[in-house]
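Asker: sequence and predicted model, in that order:
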Amino acid sequence: MKIKKPKSIFSIILLSFFVVVVPVYMAGFMIYRWAFAQIEGEIIAAQSSQTEYYMEKLYSDIQRIVKQQSSLLNDKDVIMLSSLGKDGIDIEAVFAINRIIMRLNAILNSSDIIKNVSVHLVNINRSIHAIGSISELSMDDYEKLMELSYRSTGQLLFKGPVPATVVASPQQYTENNKYPAYLVEVEFSPESISKTLRLMKSSSGGGIALFNRQGNIFIGGTGDYNAAYSFLEKFVSQLRDTSLINEMSTEIKTYNGNSFLVTIYQDPLNGLVLVNYTSLETIYQPLRQYQPYFVIFTLFVTLMALLFLYIMYGQIKQPLEGLIKAFKTVEQGNFEINIECNSNRELMYLYSSFNSMVKQIKNLIDQVYKQKILYQKSELKQLQSQINPHFLYNSYFVLYDMAVNEDYENLADFARHMGTYFQYITRNSLQFARLYEEVEHARIYANFQARRFRNRIKMYFEDLPECLHDRIVPKVILQPVIENAYEHGLKNKISDGLLKISFEYTDHSFDIIVEDNGDDLRDEDIRSLQNLLMNDDDSMECTGLVNIHRRIVLSCGAGSGVSVSRGEWGGLKVVLHIGEISGSMTDPRESDETGRMQKF
């Protein structure tokens, strides 16, 4: 089974970053595109609304003007004049003509796009105008006007580029029944129409143009006529295919390589088509002012991404690679490595913990090694010093003396204590012991010596507080101190020698105090001994007290150990300060063996 290779934390952080940043950037991009489309839609809607509004207003104006024309057909003065002959104009007719001119001016002034309003009376060969009063009317002119009216596909007819509306009388001309008796004509001004369209399309980058429905007559407008006509060509082809199409369409078309938004609106009733076009460059120009912000946003996101990658690489990837490299170095057995990190608090803590761990491992290795060596030295020294002929001779002489004096009760106790003593010092498998066992071992030794020197030295050995019985201590630390007191501190004391062993304790530590009243100790000797205890040089010869001091320090840590000073009795005062020791102290089989010896 193939095991999937785990991903690095850097790649996971990088992936998480992109999972967060990419959607944010895409959301920003979509908002930008949405805003762009919204504004674009509003511009398209505005152009369409503008075109539709103008064409509907133009349609309304033309319908209103046509109604005014139709109302003039029933005017009494017009009917009266149409009934006259060519020579029948009298004073009454003149007054009627003036009244008609007033009505024509009223129609003229009702709209800015009207150029002139006329009534054509064929029977009197006269045309009455709002502007220009009266002119002659020939039958040819009348026939041309009628022909244009018949050919027109919408309500408007075109006299060249001039659009007009014509309303015919329901009465027939008496001499030619094909023609009506009179016509009412309104001519529209292309110039006024163009002026109105220019007001609609005041901005550059586009144009607007009004054509007839066939697209072959340009009525008015502004901008490039050729562009407007090219946009209209396809629309005109559709008009030839069908008479009814959508009134308005808006599309994007191209002219001379430039794109335009083109709105075409057709009025089938009046026969007009309005082309309103705007350059996309002009439309998008206001929108492009937001492009720099989006570019800045894009650059900002990119810069943040690069900055994030740089920070992650420098603050996480590199320190982690350094930590991994340090672990590999430790795996190879090099404990002298020390790594430093100033990047962030978490990694500083991690680096500090690593350095502390390596230091502790190194110290533990040193402690185990040194403690084992010191313990072996201590055992060797103890066996050399205590299991020697002098100690054995003295012990047997004491036994002999008790037997001669028939002190059998003390003889049995003394023999049992000797067995317990030698059993304790000859069992070499453990380095630690319960404090009770260590004190009892030292007490046995002290009692041996007290019996030997009972005429010279008095010994005071306090009972061990019960709460300290199960405290764990390095093995064989108290007996050598008592031995040192007998052999060095009190060796020249012929009488009144004193030796005291006492205990003091707190919740977490305790002191074993050994004090004598020897006279031979000088202040220089005490200082020299203090310097030996404070010296950490492993190459220095390790004496009894120094051995004990180092073993206690290795086992209990800094703050524990042996201290010496001049005591209240004037002799040497030795204090064993011991903290807590964790761990197992003895093997159960050895405990059973101890019990059997004590019973013996």
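Answerer: Perfect, thanks for sending it. Numbers count the residues shown, from 1 in each chain.

Asker: am I right that residue 219 falls within a helix?
Answerer: No: read with DSSP: H, G, I helix; E, B strand; the rest coil, residue 219 is strand and lies in no helix.

Asker: that one and residue 213 touch, don't they?
Answerer: No: contact between residue 219 and residue 213 fails when scored by CB atoms under 8 Å: they sit 11.2 Å apart. All C-beta atoms are positioned from the backbone trio N, CA, C, and that covers glycine.

Asker: which residues are common contacts for the two?
Answerer: With contacts defined as CB atoms under 8 Å, 6 or more residues apart in numbering, the residues shared by residue 219 and residue 213 are residue 272.

Asker: what residues are up against residue 529?
Answerer: Counting by CB under 8 Å, 6+ apart, residue 529 has contacts 545, 564.

Asker: ok, now how distant is it from residue 555?
Answerer: For residue 529, the distance to residue 555 equals 21 Å [CB to CB, to the nearest Å].

Asker: what does residue 498 give?
Answerer: Taken as CB to CB, the span from residue 498 to residue 555 is 31 Å.

Asker: which one's more surrounded, the two?
Answerer: residue 555 (25 against 18; other CB atoms under 10 Å).

Asker: pLDDT on the longest helix seen in the chain, on average?
Answerer: In terms of residue count, the longest helix belonging to the chain (DSSP state H) is helix 9-72. Mean pLDDT, helix 9-72: 82.

Asker: gap between the following helix or strand past that helix and the chain center?
Answerer: Remark: after helix 9-72, the chain's next helix or strand is helix 76-82, criterion DSSP states H and E. Relative to the centre of its chain, helix 76-82 is centred 90 Å away, using CA atoms, centre = their mean, to the nearest Å.

Asker: quick one: neighbours of residue 117, just the number.
Answerer: Neighbours around residue 117, by other CB under 10 Å: 27.

Asker: quick one: contacts for it?
Answerer: For residue 117, the contacting residues are 104-105, 107-108, 129-130, 184-187, by CB under 8 Å, 6+ apart.

Asker: tell me the secondary structure for it?
Answerer: Relying on three-state DSSP, one would call residue 117 strand.

Asker: also residue 124?
Answerer: Per three-state DSSP, residue 124 ends up coil.

Asker: hmm, residue 84 and it touching each other?
Answerer: Yes: the pair residue 124 / residue 84 is scored as a contact, 5.7 Å apart, by CB under 8 Å.

Asker: so between these two, which is more surrounded?
Answerer: Applying other CB under 10 Å to residue 124 and residue 84 shows that residue 124 carries more neighbours, namely 22 against 17.

Asker: phi, psi for the more buried one please.
Answerer: Main-chain torsions, residue 124, degrees, to the nearest 10: phi -110, psi 0.

Asker: how close does it sit to residue 75?
Answerer: Residue 124 is 15 Å from residue 75, by CB to CB.

Asker: check residue 200 too.
Answerer: Going from residue 200 to residue 75 by CB to CB gives 36 Å.

Asker: again with residue 105
Answerer: Counting by CB to CB - residue 105 and residue 75 are separated by 14 Å.

Asker: repeat that for residue 45.
Answerer: Distance of residue 45 to residue 75, given as CB to CB: 45 Å.

Asker: same thing with residue 444?
Answerer: 156 Å.

Asker: looking at those two, which one has more neighbours?
Answerer: Shown here are residue 444 and residue 75; by other CB under 10 Å, residue 444 has more neighbours (20 against 16).

Asker: quick one: that one and residue 420 touch, right?
Answerer: Yes: assessed by CB under 8 Å, residue 444 is found in contact with residue 420 at 6.2 Å.

Asker: circling back to that earlier point, just the closest of the contacts of residue 117 to residue 67, please.
Answerer: Nearest to residue 67, judged by CB to CB, of those is residue 107 at 10.2 Å.

Asker: what residues are up against the closest one?
Answerer: Residue 107 neighbours (CB under 8 Å, 6+ apart): 65, 68-69, 72, 114, 117, 130, 186.

Asker: check the secondary structure at it for me.
Answerer: helix.

Asker: repeat that for the one 3 residues further on.
Answerer: Three-state assignment for residue 110 (three-state DSSP): coil.

Asker: from residue 305, how far off is residue 291?
Answerer: Distance from residue 291 to residue 305, counting by CB to CB: 21 Å.

Asker: and these two? which has more neighbours close in?
Answerer: residue 305 (16 against 12).

Asker: leaving out the residues flanking it, which one is nearest to the more buried one?
Answerer: Nearest non-adjacent residue to residue 305, counting by CB to CB, 6 or more residues apart in numbering: residue 21, 6.2 Å away.

Asker: sweet, I'm off.
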